[in-house]
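*Asks:* A predicted structure for the sequence below; I have some questions about it.
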Amino acid sequence: MSQLIGTLVILGASGDLSARLLLPGLAQLLTSEPERKLTLIGAGSEAWDDAKWHEVITSSFAEENASGATVASILEGSHYFQADVTKSADLQKILDACEGVPAIYFALPPAVAAAACAALQEVTLPEGISLALEKPFGIDEQSAIDLNALLLKLVPEEQIHRVDHFLGRSTVLNLLGLRFANRIFEPVWNAEHIEKVEIIYDEQLALEGRARYYDTAGALVDMIQSHLLQVMAVVAMEPPSTLRSHDLRDAKQLVLRATRVWQGDAIASSRRARYTAGEVQGRNLPSYVDEQGVDPKRETETLAEVTFEVNTWRWAGIPFTLRSGKALAERRREIVITFRAARQLPVGLKGHNDPTVLRVFLAPDQMSLEINVNGPGDPYELERISLDAHFGDGQLLAYREVLAGILDGDSSLSVRGDSAVEGWRIVAPVVKAWHDDEVPIDSYRAGSEGPTLWPRI
Ligand SMILES: NC(=O)C1=CN([C@@H]2O[C@H](COP(=O)(O)OP(=O)(O)OC[C@H]3O[C@@H](n4cnc5c(N)ncnc54)[C@H](OP(=O)(O)O)[C@@H]3O)[C@@H](O)[C@H]2O)C=CC1
Ligand SMILES: O=C1O[C@H](COP(=O)(O)O)[C@@H](O)[C@H](O)[C@H]1O
């Protein structure tokens with residue numbers, strides 16, 4: 001750890017991301033690495049004072065049982081600024097109060113974050129300042145290109161962190177270790193031996209009061225355009241020679257550049273649906289369209305599934321299906337690699353020649369390898385077993401890793417500008433087909449496994 005940043009400024013400090021994810025992540029980081037020295041500044045439109053801000057920090061830190069001298073000093077030295085962060089004068093005042101090199105975290109709605117970046121053009125920026133932006137980065141390919149151009153007028157690429165907390169996950173690093181530190185996987189990690197790849201992120205959580213953002217995004221933009229395509233890029237990348245930022249990001253970008261909707265047919269290779277009233281884990285949920293702040297005319301999907309192809313020598317012809325949805329029966333967060341079945345079973349072996357399946361589970365980090373063995377009983381009869389393993393500590397918060405990257409100036413796990421644009425390019429045909437109503441919006445009961453007619457993956 002060699003920390004470059006002296007002050008972390010959270011713009012949008014009164015929002016959900018700040019209280020629920022950023023502050024607990026910071027608490028975990030500072031508790032486990034007490035040698036870090038940091039000043040924390042919060043800014044937002046709410047008329048809070050320092051006392052109210054300290055209350056918010058204290059309550060978020062308590063969730064992680066934060067303790068230690070750094071944690072105490074954070075509270076003591078932290079200030080809150082009521083500000084309109086789209087005004088240069090307000091931003092200048094905040095930056096003038098920073099100690100050491102600041103990092104600005106834009107925990108703001110995307111349009112406000114873009115306006116705040118525009119306002120930074122009129123501000124004197126301290127040398128070395130880092131800018132951390134949340135997803136969605138822009139609202140389409142062109143706006144992402146424009147936002148990149150604006151950011152690059154302010155700071156060099158190395159000082160921009162386009163946060164994708166799925167890349168902060170130790171699971172993704174575990175995936176690299178699994179693939180590249182074992183001789184048994186890499187030689188079969190290709191179209192010759194793999195039949196299909198699925199990346200599934202089913203949530204039991206529903207809208208959770210986030211209509212203001214979610215109703216204009218939907219599951220495709222919220223999860224597939226950003227997080228799941230990034231995870232797919234890690235699954236499909238060529239072996240990087242180092243884990244340094246350039247190598248890792250180049251390898252991911254090569255995958256994304258080669259990716260398009262399956263057979264170029266956005267209508268046939270995508271599905272969308274929206275939940276109706278139901279019960280999830282004992283919670284009664286209204287229909288999505290009846291949630292406060294939702295405009296039913298937008299036809300926002302809460303479940304999206306899209307199949308892509310990666311047109312490289314390694315992957316040509318292999319479907320990569322990405323799915324994510326809310327208010328589903330089960331929480332499923334897994335990467336499923338289905339291998340091709342054995343070419344031929346020796347005559348005499350009975351039972352199914354089921355393909356080997358490798359499942360990598362995301363948070364908590366686990367894996368299972370489902371294989372055929374000659375189990376107990378009839379030794380000629382094949383049986384299915386699963387070799388299960390837990391990767392290290394499943395308790396690390398993704399935002400702890402995100403914040404560590406920002407504070408240490410390590411952008412290897414954040415999304416590079418060209419990658420952010422590529423994500424929009426890849427999903428654009430699906431966005432258009434859905435917008436033009438060429439793919440019907442199905443429905444599913446909250447607490448179910450999804451629309452009954454959808455094949456289960
Ligand atoms: N919440 C989550 O689970 C996740 C969120 N994200 C991303 O994080 C970002 C923020 O999301 P979230 O926290 O949920 O959103 P919220 O709406 O909860 O918070 C946004 C905050 O920004 C403030 N704000 C808006 N406009 C201004 C302004 N002009 N000046 C100062 N403050 C302003 C809001 O204040 P006010 O309410 O007073 O307008 C609010 O405190 C989004 O890009 C989202 O996609 C990413 C991953 C997960
Ligand atoms: O970015 C987002 O991610 C969460 C899912 O991530 P998790 O780490 O909280 O499981 C998702 O619920 C949310 O809609 C999305 O904006």
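*Replies:* That came in fine, so what should we check first? Ligands and ions are numbered 1, 2, ... in the order given.
*Asks:* enumerate every residue touching the closest residue to ligand 2 within the chain.
*Replies:* Going by Cβ to the nearest ligand atom, ligand 2 is nearest to residue 222 of the chain, at 4.8 Å. Every residue, glycine included, has its C-beta placed from N, CA and C. For residue 222, the contact set (Cβ atoms under 8 Å, 6 or more residues apart in numbering) comprises 136, 214, 324.
*Asks:* what about it, is that helix, strand or coil?
*Replies:* Classification of residue 222 by DSSP: H, G, I helix; E, B strand; the rest coil places it in helix.
*Asks:* distance of it from residue 197?
*Replies:* Here the criterion is Cβ to Cβ, to the nearest Å. By it, residue 222 lies 21 Å from residue 197.
*Asks:* ok, now residue 244?
*Replies:* Between residue 244 and residue 197 the computed distance is 26 Å (Cβ to Cβ).
*Asks:* neighbour count: those two, which is higher?
*Replies:* With neighbours defined as other Cβ atoms under 10 Å, residue 244 and residue 197 compare such that residue 197 has more, 22 against 12.
*Asks:* would you list the phi and psi of that one?
*Replies:* Main-chain torsions, residue 197, degrees, to the nearest 10: phi -130, psi 130.
*Asks:* excluding its backbone neighbours, what's nearest it?
*Replies:* Counting by Cβ to Cβ, 6 or more residues apart in numbering, residue 320 is the residue found nearest to residue 197 once chain neighbours are left out, at 4.7 Å.
*Asks:* so the one you found touches residue 311, yeah?
*Replies:* No - between residue 320 and residue 311 there is no contact under Cβ atoms under 8 Å: 11.3 Å.
*Asks:* overlap of the contact sets of those two?
*Replies:* Contacts common to residue 320 and residue 311, judged by Cβ under 8 Å, 6+ apart, are residue 259.
*Asks:* these two - which one has more neighbours?
*Replies:* The neighbour comparison of residue 320 against residue 311 (other Cβ under 10 Å) goes to residue 320, with 22 against 12.
*Asks:* how near is the more buried one to residue 29?
*Replies:* 33 Å.
*Asks:* same deal with residue 218?
*Replies:* According to Cβ to Cβ, residue 218 stands 32 Å off from residue 29.
*Asks:* compare these two (neighbour count), which wins?
*Replies:* More crowded of residue 218 and residue 29, by other Cβ under 10 Å: residue 29, with 25 against 22.
*Asks:* per-residue pLDDT of the residue of the chain closest to ligand 2, please?
*Replies:* Predicted confidence (pLDDT) at residue 222: the value is 96.
*Asks:* can you check residue 352 too?
*Replies:* If you check residue 352, the pLDDT there is 85.
*Asks:* one more: residue 47?
*Replies:* Per-residue pLDDT puts residue 47 at 96.
*Asks:* ok, and the closest non-adjacent residue to it?
*Replies:* residue 82 (5.5 Å).
*Asks:* what parts of the stretch 51-200 of the chain come near ligand 1?
*Replies:* 83-86, 107-110, 112, 134-135 (Cβ under 6 Å from any ligand atom).
*Asks:* pull out the buried members of the residues you listed.
*Replies:* 83, 85-86, 107-110, 112, 134-135 (16 or more other Cβ atoms under 10 Å).
*Asks:* make CSV from these and add pLDDT and secondary structure to it.
*Replies:* Converted to CSV, those look like this (pLDDT from 0 to 100; DSSP: H, G, I helix; E, B strand; the rest coil):
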residue, pLDDT, secondary structure
83, 97, coil
85, 97, coil
86, 98, coil
107, 96, coil
108, 94, coil
109, 89, coil
110, 90, helix
112, 94, helix
134, 95, coil
135, 92, coil
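*Asks:* dump those residues to TSV, plus distance to residue 39.
*Replies:* Converted to TSV, these look like this (distance: Cβ to Cβ, whole Å):
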residue	distance to residue 39
83	17
85	18
86	24
107	17
108	20
109	26
110	27
112	24
134	22
135	26
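*Asks:* tell me the predicted confidence for residue 1.
*Replies:* The model reports residue 1 with a pLDDT of 68.
*Asks:* who in the protein is up against ligand 2?
*Replies:* So the chain meets ligand 2 at 165, 203, 205, 222, 398 (Cβ under 6 Å from any ligand atom).
*Asks:* from these, pick the one nearest ligand 1.
*Replies:* If you rank the residues of the chain next to ligand 2 by distance to ligand 1 using Cβ to the nearest ligand atom, residue 165 comes first, at 6.4 Å.
*Asks:* A helix includes the closest one, no?
*Replies:* No - assigned with three-state DSSP, residue 165 falls outside any helix and is coil.
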